[in-house]
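Q: coords please:
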Amino acid sequence: MACSVTGGCGSGDASTPASSKVTSVGASVTPRPELELVVPAVSSETSSSNMELILIQPGKFLMGSSEGDYRSQPQEHPIHIVEIKAPFYLGKYEVTQDQYRAVMGKNPSWFSAEGTGKKEVEGIDTSQFPVESLSWYEALEYLNGLSRVEGLPPYYTLEEIELREYPRENIEEPKLAIATAKVTINGGPGYRLPTEEEWEYACRAGTETAWCFGDTDAVLDEYAVTGYLNSGQRAHEKGERKPNPLGLFDIHGNVAEFCSNAYSEEAYRTSQETDESVPATHRVIRGGSWFNGPLLARCAARNGEPVGFPKNYVGLRVARSVAEVPTGTE
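A: Numbers count the residues shown, from 1 in each chain. Just a heads-up that it's a prediction; the model follows:
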């Protein structure tokens, strides 16, 4: 859900993750308001399918970029305060090719032994590379499949699915991808995509700087795989670089990550419902990638990608809402 910097956020409903029912508690931040920023409390656990998760506690943070920041883009303005109201789980790593294949029985990735980019990774085991080259809808299908594997109710229902061959330069064989579908949010504790509010909150980890480690990219090589720096123009194995303060690896770079929100350049200036059930041609991606330069790996950097057009620099990180314990139970 995108926040309005003038009228707050929509109140949401039962199908919206509690943690994404965010509230804008201030207008455009000029001058900077007093806000006690702390690193959110976290704990880690491993799910029954060996998905490593970080439990992130709620809090407030400054979202977006100042219009005075020369590195920022208009879609990141204005900076505003957001409150994450409930704890949520986020994957410690981006979903790997092995994890995707274990659930879906296939690997769509460009950078794999079966992929179109196999020459770039010849002789390299890519099983622990992040999965990529899947559409936004296929990310939802994977998350539903993972929920079923773990005995959780699927968070989404996809209906009226339409497959389409997608084009790509120098592609050897056209591939089918889910181009359109009607999405219904079932809610519950099943796996889902993070909202972009959750994503930036977790990425920042209590900081206000351009990257989680500071305002200069002098040490970016230690934290991120990005284009024009160290990627060699391909994805890399998960976790090669340092994690952010919450223990999240590749939150900057490697592959960009789908979020649930519909993409709009005016999202921070207007009040609108943007969850998965809202039809949209583009969805938010975050984090930058092996393909993009360091500026797109900033905490506040946000862009949109077509929902039905897989890209070899876009993947996903899982999220889950924390199941509420019924009153009177232990």
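Q: now do the same for Ala177: helix, strand or coil?
A: Taken by DSSP: H, G, I helix; E, B strand; the rest coil, the conformation at Ala177 corresponds to strand.
Q: that one is in contact with Leu134, isn't it?
A: Yes. Taking C-beta atoms under 8 Å as the definition, Ala177 is a contact partner of Leu134 at 7.2 Å. The C-beta positions use only the backbone N, C-alpha and C, and glycine is treated the same way.
Q: tell me, what's touching those two both at once?
A: Overlap between the neighbourhoods of Ala177 and Leu134 consists of 108, 310, taking contacts as C-beta atoms under 8 Å, 6 or more residues apart in numbering.
Q: between the two, which is the more surrounded one?
A: Leu134 (28 against 20; other C-beta atoms under 10 Å).
Q: how close does Asn144 sit to Trp110?
A: Asn144 sits 23 Å away from Trp110, taking C-beta to C-beta, to the nearest Å as the criterion.
Q: hang on, Gly139 in a helix?
A: Not quite, residue 139 is Ala, not Gly. Yes. The secondary structure assignment for Ala139 places it in a helix, going by three-state DSSP.
Q: quick one, what contacts it?
A: Ala139 sits next to 193, 258, 316 when contact means C-beta under 8 Å, 6+ apart.
Q: and what of Tyr228?
A: For Tyr228, the contact set (C-beta under 8 Å, 6+ apart) comprises 293-294.
Q: helix/strand/coil for it?
A: coil.
Q: now do Leu220
A: State at Leu220, reduced to three classes by three-state DSSP: helix.
Q: hmm, it is touching Arg241, no?
A: No. Applying C-beta under 8 Å as the test, Leu220 and Arg241 come out as separate, 9.1 Å apart.
Q: any common contacting residues for the two?
A: The overlap between the contact sets of Leu220 and Arg241 (C-beta under 8 Å, 6+ apart) consists of His252.
Q: what does stretch 93-106 rub up against?
A: Under the criterion C-beta under 8 Å, 6+ apart, residues 49, 51-52, 107-109, 112, 126-131, 134, 141-142, 145-146, 149, 238-239, 249-250, 254-255, 257, 315-318 lie in contact with stretch 93-106.
Q: in the stretch 1-150 of the chain, which spans are helices?
A: Under the criterion DSSP state H, counting those that start in this stretch, the stretch 1-150 of the chain contains helices at 97-104, 136-149.
Q: give me the sheet partners of the helix or strand that the last one is followed by and which way each runs.
A: Later in the chain than helix 136-149, the nearest helix or strand by DSSP states H and E is strand 156-166. With DSSP bridges as the test, strand 156-166 is paired with strand 175-185 (antiparallel).
Q: coming back round to it: buried members of the contacts of Ala139 into ChimeraX, please.
A: To isolate the buried ones among the contacts of Ala139 in ChimeraX, judged by 16 or more other C-beta atoms under 10 Å, type:
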select :193,258,316
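Q: out of the contacts of Ala139, which are inside helices?
A: Using DSSP state H, no member of the contacts of Ala139 falls within helices.
Q: phi first, then psi, for Glu197.
A: phi -70, psi -50 (degrees, to the nearest 10).
Q: would you check how far apart it and Pro306 are?
A: In terms of C-beta to C-beta, Glu197 sits 22 Å off from Pro306.
Q: which of those two has more neighbours?
A: Glu197 (25 against 16).
Q: I'd like to know how far the more buried one sits from Arg302.
A: Separation of Glu197 from Arg302 (C-beta to C-beta) stands at 11 Å.
Q: ok, now Gly253?
A: For Gly253, the distance to Arg302 (C-beta to C-beta) stands at 15 Å.
Q: and what of Arg320?
A: As defined by C-beta to C-beta, Arg320 lies at a distance of 22 Å from Arg302.
Q: ok, Phe61 next?
A: If you measure Phe61 against Arg302 using C-beta to C-beta, the figure is 15 Å.
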